[in-house]
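K.L.:
Quick one: sequence and predicted model below, then my questions.
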Amino acid sequence: MYIMLIYMYIYMQPSITSAAIALNSCRFISGEYYMNAHANYKCYTPQFKVWNYLLTLPTMLLWCLAIPAFFFFKMYQAKRRAEPWA
C-alpha cells in the first residue's frame, strides 16, 4: 500500500506542481494581468487572492515541502533502525 502511494506521488507531483504554479502566475495581455492557467480570469483581484491563498499556496506547501519532508523523515527512521551502530 505504501509503495503504491509513493509511486502515485512521484507520478503526479510534477503535474500538480506545474498546475499550481500556473494558477499562481500571471501574464500581461492588452494592458491587464491575466492568469496563466485561465486567461479569462484577471490577476490581483479579490477573487484571485482568495483562490491563491486557499488553494494554490497550500497545494504548493503540501506537495513541494510537506510530503517530501515526510518521505525523507520516514526513510531516515528506517535507515536508523537498519543500522544500529550509526
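P.N.:
Received the coordinates, thanks. Numbers count the residues shown, from 1 in each chain.
K.L.:
residues in contact with the residue most central in space within the chain?
P.N.:
By Cα atoms, centre = their mean, the chain has its centre lying nearest to M60, at 2.9 Å. Contact analysis of M60 by Cβ atoms under 8 Å, 6 or more residues apart in numbering lists 17, 20-21, 24. C-beta coordinates here come from the backbone N, C-alpha and C atoms, glycine included.
K.L.:
if you set the cut-off to 7 Å instead, what comes out?
P.N.:
Applying Cβ atoms under 7 Å, 6 or more residues apart in numbering to M60 gives the contacts A20.
K.L.:
What does it show for phi and psi?
P.N.:
Backbone torsions of M60, given as degrees, to the nearest 10, read phi -60, psi -40.
K.L.:
Quick check: longest helix in this structure by residues?
P.N.:
The single longest helix within the chain, with elements called by DSSP state H, is helix 2-24.
K.L.:
So which bits of it are buried?
P.N.:
20, 23-24 (16 or more other Cβ atoms under 10 Å).
K.L.:
following that helix, which helix or strand shows up next?
P.N.:
strand 26-29 (DSSP states H and E).
K.L.:
hang on, the earlier thing: now render the buried residues of helix 2-24 as JSON lines, adding pLDDT.
P.N.:
Output for the buried residues of helix 2-24, formatted as JSON lines (pLDDT from 0 to 100):
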{"residue": "A20", "pLDDT": "89"}
{"residue": "L23", "pLDDT": "87"}
{"residue": "N24", "pLDDT": "89"}
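K.L.:
What strand or helix carries Y34?
P.N.:
Y34 belongs to strand 32-35, assigned by DSSP H and E.
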